[in-house]
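next input, structure requested:
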Amino acid sequence: MHLYDSYCEVMYTIACRYLPNEDAKEAMQESFLKAFLNIRNFENIKTFGTWLKIIVINQCIDELKRKKLEIVFIENHSLKIVDDEDWLFDEEITKIQIIEAINQLPIKYQLVVKLYLIEGYDHTEISEILEIAVKTSRTQLRRGKLQLRELLKEQLNEARY
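Prediction:
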């Protein structure tokens, strides 16, 4: 109970980044159950919180996949590598507006943007988590970033008028 009490709010917040409230709560509880049932597999390479966070994110992604998440593989297309660090937005835009705009993206872009921007995973880790190619992760991040910018421009224009 001490572990649950220590981590439940943080893990619920992470799950809410990917799923609606009730689904997030269920995913969080399933994650704790998986963690407790597999506690002997826990390695001290990571902290318990980091290990549990990975379980929560994977549980959320599994739930999204069950709901028919469509991932398009684009290995046969030519790709342009972009600067992943270019995340500058208009200073008038708030963090809440950015998160709301991210949640409006198509799910395949939303996942990559959240894993990259919010969770701090690199493309290799994202490709492993989502079971997609690194090139696909980069492309979905770029496309998500472009759509995100457009959504934020629209929000800013609406707020000004």
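
all contacts plus neighbour counts: C-alpha atoms, from now on.
OK.

where does pLDDT dip in the protein?
44-45, 68-92, 159-161 (pLDDT under 70).

rerun at 80
Filtered on pLDDT under 80, the chain yields the residue ranges 41-46, 67-95, 155-161.

can you give me the helices in it?
Assigned by DSSP state H, the chain shows helices spanning 2-16, 21-37, 48-66, 95-102, 107-113, 123-130, 134-160.

most tightly packed of those helices?
helix 107-113 (a mean of 23; mean count of other C-alpha atoms under 10 Å).

off-centre distance for that helix?
Distance of helix 107-113 from its chain centroid, counting by C-alpha atoms, centre = their mean, to the nearest Å, is 7 Å.

what do you get for stretch 110-121?
4 Å.

adjust the sequence numbering to begin at 27 for everything that follows.
Will do, 27 is the new start, and the previous item becomes stretch 136-147.

for it, how far is the first residue from the last?
Terminal residues of stretch 136-147 are spaced 14 Å apart (C-alpha to C-alpha, to the nearest Å).

so what touches that stretch?
43-44, 128-130, 148-149, 152, 163, 166-167, 170-171 (C-alpha atoms under 8 Å, 6 or more residues apart in numbering).

what do you get for stretch 170-181?
113, 115, 119, 123-124, 127-128, 131, 135-136, 138-139.

which of these sits closest to K60?
Proximity of the contacts of stretch 170-181 to K60 (C-alpha to C-alpha) peaks at V138, which lies at 24.0 Å.

ok, the closest one to D148 distance?
10 Å.

K161 too?
In terms of C-alpha to C-alpha, K161 sits 12 Å off from D148.

any residues in contact with both of these two?
With C-alpha under 8 Å, 6+ apart, K161 and D148 have no common neighbours.
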